[in-house]
Each structure stands twice: as structure tokens, then as C-alpha cells.
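S.K.: I'd like to go over a predicted model; first the sequence, then the structure.
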Amino acid sequence: MKAARSSPIASVPPPKRWDREADVVVVGTGGGGLAATARVAEGGSSVITIDKSPEDWVGGGTKQALVFITFGGTRYQNAARFALPTFPFDPDALVQYMLPHYNYSVDSRLLRELAVKGAECVDWMGDCGVLWSLDPLSGPTGHIWEGADEGGFIARGMKPITDHMYSFSLRQGAQFSFRTELQALVQDGKRVIGVKCRTDKGTLYLRARRGVVLAAGGFANNREMLKKYIPQAYAGAACSYAMPSDTGEAIRMGIGLGADIAGLGSSVSFDGGVDWLHEQRGSFYQYLYNGSTQLARQPWLGVDISGKRYPFLDAYPGGFSANVWQKMDSQAIVLMSQPGGRGYVIFDHDYEAHILRFKQVGCRKPITPDMPNLDRMPTWVAPHDWREGARLAIEKGVIKRANSIEELGELLNFEPGVLSASVRRWNETCEAGVDSELHFPPEWLIPVLKPPFYGIRIGANLFATKCGLRVNTKMQVLNTKQQVIPGLYAAFHTAGGAVGENASSLGGILHSAGLSWTSGYIAGCALTQSIANSEPSGIQSENEESLPARE
């Protein structure tokens, strides 16, 4: 009988012979894995970093992001005299400011460490050669590679940084092994001493003399784990923006060793998740910048299955808002809270012209061929014109097209007359020029008049699970008795608990990319300090032969 995709994965005993060995083995090449690798290698220790994806995908989910969010303390923010809740930066004040946002369910010691080390990590990466600047789009909380959002194009804005930190790690002597899939953790007694992997050439055993860092992401694309650990995301997310490799095996391996779980029910999403899976026209994974998603994220007429309108939260009303990220995430909660966890956006034949009137920015800004830096996003990732992706979704039948509103309602499974009545009320509002119900600005009041008519069934767009292995302030994995599992570390989002329990769409003080970078940095610092202090992180069993590395 095939094991469930949410079942624990047991550890394996040491092999008779190791294939290669290093002081540290890191699993994953996203921000967390790259930070841990760079920090350990920079400190003079040997490190082997593996990833099941090819080298082209180095950077993982972090590469898809734009900014490294901190709420104060970096030298760039100090120069701008910015910090929350007040300047100068006070991590204790920030913890007290943030705890209510987490419903007091987050470990305050971990939160403080993330606040302090997040700023420290940004500065360290600057010392490593990252060309940081404060993001003019999202304001002084966001650090970006200088010029990465030129022309409003922000997709893969973190790519120059992941590329740089990968190159930096190589220069420091780190070894990388791609197309190398983690199969099990190797345990000797209670201690994790290495990993068992699968490659094109067969099984590979890597010994970690000091520790293993799990930085393999979360489980956003493992629907079975979502149903078990984050049921609201399972029901309310129509698709996932997280990398296809986000399938949770590393978390299951930690659980197989007796690790505790933190962050139950916690995830973060954007809006505009198109329901390709429900329509049986595609996979649960859908890239955030494909044309169908960008079309669905605009403030068209939005209704639930009863025909009632629901709010649209504009992330950038009149410029930067301190709550920009919260509003982007909260729109996902709006969709999750609709009956059946889905909303419906309705528009007409002239959508290509009308979409420009919304003036959405950031990741809601439609991709067009005239944008600079498009080479960051190859066309095999997403087309360089949002209209191509939208037309494909129409051809596939994921976006419904009909010559009448009644027919469109039938295709979207509305009760007879419900959608027609909603569109009629909407058109009357547009004609009046004043939206007394949801207060849309006049430029958003675009009537649905010209056939063919279009409709999209949408939910949340899940891009990170915040549930994972429980860790302490050194990113050491803890068991259910809250004791350290020797030799095992985890970076977010393999780790969980950074935003507390049952937190839907709350990015937190480091949001997601910053959380990955910072946690990997913390783990790398802890291991570097441990090695410098000659603290044992790996124990050789009495009958284990000490062997040189084998290529």
C-alpha cells in the first residue's frame, strides 16, 4: 500500500560507507539555503548544498520574490531614520507592537531574534556585495537590488540577489549538487549525522560532521498536507504560487525523527487564484505573473455565488501605505471567506483596454513587452505579455466566455437569473458614477455591456505555508518535549511558527523572502560559532569507519 503524502518519513541508519562528507550539509538553494551555505563557507568550514531541481532553478521560491522586508535596524533604514514602531530601532518595542497581530501565539523570543537578525542579515549581505536600496514602491520596509523594480516590473526582483549569493558561496568554497533529491535523514542514536539522497547515478550518502540544515521550503503544493495541517488554505486556495518543488518531504522527515510542529493553520496568500485544478485544465501550481492570474487580480465586478459583491482592497491608494503588504494578503482572506471559498470576477469584451484604467502596481501590474528587465523572467516561466496567458486561459475554458450574461451564469454554475441581476445592478451603479456600496473610485466603474462576456472563478493564491518544524532561536529543530534534536537545523519555510498559530495571510515582520534569508543566516551563524567553539555536533559511532570523502 502506498504511503500517504502526509505520513512521517523515518530516518535511516548510517551506511557502511559514506560517499562524501563535509562539516555541514544544506538541503535547498532558496534564500535560506544560500544564506546558510554562504555563512558557513565564509567562516572557513566545508559545506555541501543539495537541491532536487536543476542548477537553472537555483534561488528556489526566493528568486520569485522582490523584497527583503524588515521593520528597522538595517544601515539603509537607519540612514533614512525609519523603524517601527518608532525610530531608532528597538527590537523589544517591535515585539510588543507585533504580538497582537499574531494573537500572542508566536514565540516572543524567536520573534525578537528574527527582528534583530533580519536587520543584521541585510547588512551582512550588503557586505557580501549585494547592491541594496530601499524599495521606492513598497517604502522603507523593503530592501531590493538597486533598480530591480524599474518601470514597475517586479517579477523575480530577488533573482540578482540569489544569483549573487550563489556566486559568493562558490567563491567561498561551497560545493553544490543539483538534481539531488533528499530521501531520508541519517541518524546515529538521537543525532542527525547526514542525509541519504537520490541522483541520476543512484543513491548518495552525504555525511555532515557538524549539522544538517533543512531549507527545502514548505508544502504549498502538497494538497494532502494542506488538508491535514492548514485546512483553510486547502479549501480557500484555488492555486499555489509556491514552487512546484514545495511538497514538504523535509518536514515529513523531521516529523519522522519526532520533531514538533509549529504554525498549525498558518499560511500566506495573495488574491486572484485562478481555479485551473477545479476546472481540470491544469495543475494546482500557477505562476503569479501568468496572464490569467494578472487578469483575475483586477477590481472588476466581483461577486459571490449568491450575486453579492465583495470588497477589493487597493494596496496602494495614492502611493505607499504602511499596510501595503497586509492589504495585499487580506484580499486573499476576503476570497477565502466567500461561500465555498470562491469569488467570481465578471467583465466584457473590452477587458484589454479597460484593465489599464485600474492603475494597479506591484505584482498586480500587468506584464507588458515594453517593461525593462524582462530577461529576469524567461518566456518559459511566463509570457512577456499578460494577454497571451489570458487568451490561453480562455481557450482552455478556465476563463468562461459567453454571448449573454445568462449563458455566462450557467457556465459558472450560478442559479438562473442571479448573475444577470448582479450585472444589472452593477451597470446601474456605473451609469450613476457613484458606488455607494463598496465605494469604488469612478475610474473603476466599468460597466459590463459588450459581448462576449467573461467570468473567472477565483480563490486565494497560496504562496507560502507557515507551518513546519518547530525551532529555537538558533534554528535548531525541537522535538515534542521541546528538546533539541542534535545535528538538525531548519530554515523557514521548512521551519514553522514565525507568524504563530492559525494566521491566515499574515506575512509578518520579514514577510517570506526575508524570513528565508534570515533563518538560513541564523542557522549558518550558529553552526559557525559551534565549530569555532569545537562543540560536537556529530558523533561517530563506535563501529563506524572514518573514511575520506569520495567523489
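M.R.: Okay, I see it.
S.K.: what sits against the residue nearest to S266 when sequence neighbours are not counted?
M.R.: Leaving aside its sequence neighbours, S266 sits nearest to K466 (C-beta to C-beta, 6 or more residues apart in numbering; 3.7 Å). Placement of C-beta: from N, CA and C, glycine included. The contact partners of K466, by C-beta atoms under 8 Å, 6 or more residues apart in numbering, come to 218, 263, 266-268, 492-493, 496-499, 503, 506.
S.K.: Closest to L419 out of those residues?
M.R.: S267 (30.3 Å; C-beta to C-beta).
S.K.: gap between the closest one and Y97?
M.R.: Applying C-beta to C-beta, to the nearest Å, the value for S267 to Y97 is 23 Å.
S.K.: So which of those two has more stuff around it?
M.R.: S267 (35 against 15; other C-beta atoms under 10 Å).
S.K.: Would you mind listing the residues in contact with that one?
M.R.: 220, 230, 232-233, 237, 462, 464-467, 503-505.
S.K.: Among the residues you listed, which ones are in strands?
M.R.: Of these, the ones assigned to strands by DSSP state E are 237, 462, 464-465.
S.K.: which one of those residues is nearest L182?
M.R.: T465 (17.7 Å).
S.K.: burial of the closest one, as a residue count?
M.R.: T465 has 30 neighbours, counted by other C-beta under 10 Å.
S.K.: And Q96, by the same measure?
M.R.: By other C-beta under 10 Å, 12 other residues sit near Q96.
S.K.: Quick check: buried residues in stretch 228-237?
M.R.: By 16 or more other C-beta atoms under 10 Å, the buried positions in stretch 228-237 come out as 228-230, 232-234, 236-237.
S.K.: and what of stretch 93-108?
M.R.: So, applying 16+ other C-beta under 10 Å, buried residues of stretch 93-108: 93-95, 98, 102, 105-107.
S.K.: which residues touch V274?
M.R.: 238-239, 286, 292-293, 296, 393, 398-399, 456-458.
S.K.: what does D385 give?
M.R.: Contacts of D385 by C-beta under 8 Å, 6+ apart are 291, 367-369.
S.K.: Phi and psi next, for A208.
M.R.: phi -110, psi 110 (degrees, to the nearest 10).
S.K.: wait, S133
M.R.: phi -150, psi 160.
S.K.: Can you get me a residue count around it?
M.R.: 14.
S.K.: That one pairs with what?
M.R.: I144 (DSSP bridges).
S.K.: in terms of contact, does it touch G142 like I think?
M.R.: No - between S133 and G142 there is no contact under C-beta atoms under 8 Å: 9.6 Å.
S.K.: tell me which element C430 falls in.
M.R.: Element membership of C430 [criterion: DSSP states H and E] is helix 418-432.
S.K.: Just list what that helix packs against, helices and strands only.
M.R.: Other elements packing on helix 418-432 under the criterion 3 or more C-beta pairs under 8 Å, 6 or more residues apart in numbering; DSSP states H and E are strand 301-303, strand 343-347, helix 405-411.
S.K.: can you put these in CSV and add mean neighbour count and distance to C121?
M.R.: Putting the helices and strands packed on helix 418-432 into CSV (neighbours: other C-beta atoms under 10 Å; distance: least, C-beta to C-beta, whole Å) gives the following:
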stretch, mean neighbour count, distance to C121
strand 301-303, 25, 39
strand 343-347, 24, 37
helix 405-411, 19, 49
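S.K.: so what's R191 closest to, chain neighbours aside?
M.R.: P486 (4.2 Å).
S.K.: I'd assumed Q187 was in contact with the one you found.
M.R.: No - between P486 and Q187 there is no contact under C-beta under 8 Å: 9.5 Å.
S.K.: Can you read off the pLDDT for the residue lying closest to F284 once chain neighbours are set aside?
M.R.: Computed as C-beta to C-beta, 6+ apart, the closest residue to F284 that is not its neighbour in sequence is L277, at 4.8 Å. Confidence at L277, expressed as pLDDT, is 93.
S.K.: What is the neighbour count of G459?
M.R.: G459: 27 surrounding residues under other C-beta under 10 Å.
S.K.: hang on, it in a strand?
M.R.: Yes - counting by DSSP: H, G, I helix; E, B strand; the rest coil, G459 is located in a strand.
S.K.: Strands along the stretch 151-300 of the chain, start to end?
M.R.: 175-178, 181-188, 191-199, 202-214, 237-240, 261-262, 267-274 (DSSP state E, counting those that start in this stretch).
S.K.: Show me the one of the ones you listed that comes nearest V12.
M.R.: The nearest among the strands of the stretch 151-300 of the chain, by C-beta to C-beta, is strand 181-188 at 4.6 Å.
S.K.: got the CA positions of that closest one in CSV?
M.R.: As requested, the backbone C-alpha atoms of strand 181-188 are provided in CSV (Å, rounded to 0.1, in the frame of the first residue of the first chain):
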residue,chain,number,x,y,z
GLU,A,181,16.8,14.6,-4.1
LEU,A,182,16.7,14.2,-0.3
GLN,A,183,15.3,10.7,0.5
ALA,A,184,15.9,10.4,4.3
LEU,A,185,17.9,11.8,7.2
VAL,A,186,20.6,9.6,8.6
GLN,A,187,20.5,9.2,12.3
ASP,A,188,23.0,7.7,14.7
